[in-house]
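*Asks:* A predicted structure for the sequence below; I have some questions about it.
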Amino acid sequence: MNGVPLLGHASLDDIFAWRAAGPVRVRDFIAEAEALAALLPAGRHQLNVCHDRYRFTLGFAAGLLRGKTSLQPASQSAETLRQIEATCPDVYCLSDGEFDSLDLPRLDFPALPAVDAAQVAKIPSIPGELIAARLFTSGSTGRPVAHDKSWGKLVLNGRAEAERLGLLRQPHSIVGTVPAQHSYGFESTVLLALHGNSPFWSGKPFYPQDIVAALQAVPAPRLLVTTPFHLSALLAAGLEIPAVDLLLSATAPLSAQLARDAEAACRAPLHEIYGSTESGQLASRRTTADLAWDLLPGVALEQQDETTFAVGGHVEGRVPLSDLIEIRADGRFLLHGRHADLINIAGKRTSLAYLNHQIAAIAGVVDAAFFLPDEESVDGITRLCAFVVAPGLSSRQIVGELRQRIDPIFLPRPLVLLDELPRNSTGKLPRNHLQALYAEKVTHVDR
Amino acid sequence: MSENPSPENVDALLPEVAELIVDALNLEVAPNEIEADAPLFGDGLGLDSIDVLEIALVISKRYGFQLRSDNEDNVRIFTSLRTLSAHIASQRTK
């Protein structure tokens, strides 16, 4: 097996991460990862729900040292945990805070024994073929679909992104507002720290004031890894933002206006990343300069009939993409929206088919349909609505059941109880019927 | 942290904060239907982190202070309408 180093740093004394207590050097990180590795349970599958980015990455690295696979589901709902347990019976949960792990075996992040980082002599090597991470998307039939990522491909992804952003020439301090577990945050904070020479801040700032404080806590140059949602909240707060050198956004479309405002407020270029959990990161663009996307090094697109596939580089196999893509003569491409069934709210993805399957499975629900109203604004958050026929159930009961099954961001707001759904003669529910029903039943009164 | 606000101050703030939540999130409930001690997350109003950020923005504009998630009592702040109102009463600058 070909070994691929755990970290891409040239020196054991490079800074790997910033914590509240100060810098963590590469040798400290390796010593702690080895100490944690010795404490991990025997199971081959690790569900790492640590909130702290440093502890997550330490758990991930310790898992690699023991040949484990990191399970990173899109949601942490009870239903998802049960499905994971069913497919990976040896799974255990590594947690650093409050988390309802049901009956899964659990390791609360342990106090590590004192380590002697001076003894660390080299960067460990990890088999490139090891399935280092398994990310999940919600399938259309109610079962999460697993996407295995080998360590070798993950490293290629991290290096391709680092090269595109110029981090290999000039390392940046990374502040991320996104979780380390989800694909974008995993790639753009964890992988960039491991193989892009760029130390991350261990916290996950949430409120605008937190983002400002996190930026202040790390040395320049700084890279802010965020989403349109966090970015628009940050700008709206009107705080003085410390110097940022590079802004990165992904997970949801970013309007040209927000991109311009963000670049003006931070006096830094804003790059968007395009990718998917299935394919990894594929391309980037500077939104204010050009709408066309540039493929990352090594990645190519192929089209067959209506479908575009990603291949090459760090892409695992030949991955069909869910977007409508126009490839230009110069090899760059334009995005023209998604398949109508797919839903993306605040960066979390699912499909109407999946949601309809979940609600129909609730005892007492006779008929039901989720509906996504036309978006009110590009950067705003549009909520789902659900029309439900369920004699004898209250909307509170139904939402309570749904909460067990789906990510809270997809809970309907509102849930409308009806005597019947406006199905046509073939039993279908045309979107314009649902739109009319929405207009009739859900009127947002401007107060 | 300033001193603990009196229960009367907190009670007086409840209707105003309830209205602010309903307005900010376009909820399908009347402000007076939000029970002061019912959970805002989970089985209560069912708020999520997106909502929290939107409420935080409105609070910062209206009451002149920024919320911070590294406050140890961050979880407690959003427990209920009453705890949120108490936090506002103790932190507000306007």
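*Replies:* The structure has been received and is ready for your questions.
*Asks:* Residue numbers of chain B in contact with chain A?
*Replies:* B:22-23, B:26-28, B:42-43, B:46, B:48-50, B:52-54, B:56-57, B:60, B:66-70 (C-beta under 8 Å from any C-beta of the partner chain). C-betas here are computed from N, CA, C, even on glycine.
*Asks:* Which of those residues fall within strands?
*Replies:* Among the residues of chain B next to chain A, the subset assigned to strands under DSSP state E is empty.
*Asks:* now those residues: which count as buried?
*Replies:* Buried by 16 or more other C-beta atoms under 10 Å in any protein chain shown: B:22, B:27, B:46, B:48, B:50, B:52-54, B:56-57, B:60, B:66-69, out of the residues of chain B next to chain A.
*Asks:* Would you point out which residue is most central in chain B?
*Replies:* By C-alpha atoms, centre = their mean, chain B has its centre lying nearest to B:Leu84, at 3.3 Å.
*Asks:* And it, how far from A:Leu64?
*Replies:* Per C-beta to C-beta, to the nearest Å, B:Leu84 is found 42 Å from A:Leu64.
*Asks:* likewise A:Asp90?
*Replies:* On the measure of C-beta to C-beta, A:Asp90 and A:Leu64 end up 17 Å apart.
*Asks:* so who does B:Val52 touch?
*Replies:* A:Phe206, B:Phe78 (C-beta atoms under 8 Å, 6 or more residues apart in numbering or on different chains).
*Asks:* Equivalent analysis for the one 3 residues further on, please.
*Replies:* Contacts here follow C-beta under 8 Å, 6+ apart; on that basis B:Ile55 touches B:Leu20, B:Ile21, B:Ala24, B:Leu25, B:Leu47, B:Leu84.
*Asks:* so where's chain B shaky on pLDDT?
*Replies:* Where chain B drops to pLDDT under 70, the residues are B:1-3, B:42-44, B:46, B:70-75.
*Asks:* Identify the residue of it closest to chain A, quick one.
*Replies:* Nearest residue of chain B to chain A, counting by C-beta to the nearest C-beta: B:Gln66, 3.7 Å away.
*Asks:* three-state assignment of the spatially closest residue to that residue that is not a sequence neighbour?
*Replies:* Ranked by C-beta to C-beta, 6 or more residues apart in numbering or on different chains and with sequence neighbours excluded, the top spatial neighbour of B:Gln66 is A:Gln209, at 3.7 Å. Look at A:Gln209: counting by DSSP: H, G, I helix; E, B strand; the rest coil, its state is helix.
*Asks:* how near is A:Gln209 to B:Val52?
*Replies:* 13 Å.
*Asks:* picking up where we left off before, show me what contacts the residue nearest to the centre of chain B?
*Replies:* Each residue near B:Leu84 by C-beta under 8 Å, 6+ apart is listed here: B:Val17, B:Leu40, B:Ile55, B:Ile77, B:Phe78.
*Asks:* Which of those fall in helices?
*Replies:* Mapping the contacts of B:Leu84 onto helices (DSSP state H) picks out B:Val17, B:Ile55, B:Ile77.
*Asks:* Enumerate the residues of the stretch 151-300 of chain A near chain B.
*Replies:* A:203, A:205-210, A:213, A:229-230, A:233, A:236-237, A:239.
*Asks:* Output the one helix or strand A:Val175 maps to as PDB, nothing but the C-alphas.
*Replies:* Using DSSP states H and E, A:Val175 maps to strand A:173-176. What follows is strand A:173-176, C-alpha atoms only, in PDB (Å, rounded to 0.1, in the frame of the first residue of the first chain):
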ATOM      1  CA  SER A 173      -5.000  31.400   9.400                       C
ATOM      2  CA  ILE A 174      -8.400  29.900   8.800                       C
ATOM      3  CA  VAL A 175     -11.500  30.900  10.700                       C
ATOM      4  CA  GLY A 176     -14.500  28.700   9.800                       C
END
